[in-house]
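**Q** sharing a model that was predicted from the sequence below.
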Amino acid sequence: MSTTPTTRIGGWLLAPLAWLLLTLLSTSLGLVVWFMAIISPRAHQMLSEMSTQNVVLWYLSMATAVAVWIYTLWLSVAFFKRRALVRKHYIIWLLVCVLLALKSFAFSPVNDEIAVSQLILPLLAAALMAPYFRYAQRVKNTFVNP
């Protein structure tokens, strides 16, 4: 298996890589909290007192967190291997992050200031990085491995 010589990951590509790795770290910590809640007897007691709809939503949120973690891990590995599919999937990943921030903004019982601050970063990242991954020659030259 040979790979074509490519441009190394560097320059402005370090910013999306950092965003990807920080998201992987934060979702990992979030999953630890979810799994600690699952093994806690108090959490089971609280879940049994909740309505069925709330329990389903709780488990759906957990499944979403697991799916985002898996997708972020897969994308991180592909990023380091400089796979050609990273260009498309990084843009999809940014849009998923924006959708999750919008979901949090719309449905979470948090202060609007906190929700807006959590929404601004994914929107800004998507607005800056999506065109960069779509059109930049450096990105095209870096992510060429099959």
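**A** Alright, I've got the coordinates. None of these values were measured; they are calculated from a predicted model.
**Q** any idea how far the helix or strand of the chain with the lowest mean pLDDT is from the middle of the chain?
**A** Lowest by mean pLDDT, DSSP states H and E among the helices and strands of the chain is helix 41-49, with a mean of 81. Mean C-alpha position of helix 41-49 versus that of the full chain (CA atoms, centre = their mean, to the nearest Å) differs by 29 Å.
**Q** could you dump it to PDB, C-alpha only?
**A** Extracted C-alpha coordinates of helix 41-49, given in PDB (Å, rounded to 0.1, in the frame of the first residue of the first chain):
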ATOM      1  CA  PRO A  41     -28.400   3.700  41.700                       C
ATOM      2  CA  ARG A  42     -29.800   7.200  42.400                       C
ATOM      3  CA  ALA A  43     -30.000   7.900  38.700                       C
ATOM      4  CA  HIS A  44     -32.000   4.700  38.200                       C
ATOM      5  CA  GLN A  45     -34.300   5.800  40.900                       C
ATOM      6  CA  MET A  46     -34.700   9.200  39.300                       C
ATOM      7  CA  LEU A  47     -35.300   7.700  35.900                       C
ATOM      8  CA  SER A  48     -38.000   5.400  37.300                       C
ATOM      9  CA  GLU A  49     -39.800   8.400  38.600                       C
END
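**Q** which strands or helices does the next helix or strand along the chain from it pack on?
**A** With elements assigned by DSSP states H and E, the helix or strand that comes after helix 41-49 is helix 52-80. Packing partners of helix 52-80 (3 or more CB pairs under 8 Å, 6 or more residues apart in numbering; DSSP states H and E): helix 14-39, helix 86-107. Placement of C-beta: from N, CA and C, glycine included.
**Q** surely Leu123 forms part of a helix?
**A** Yes - judged by DSSP: H, G, I helix; E, B strand; the rest coil, Leu123 forms part of a helix.
**Q** OK, contacts around it?
**A** 98, 101 (CB atoms under 8 Å, 6 or more residues apart in numbering).
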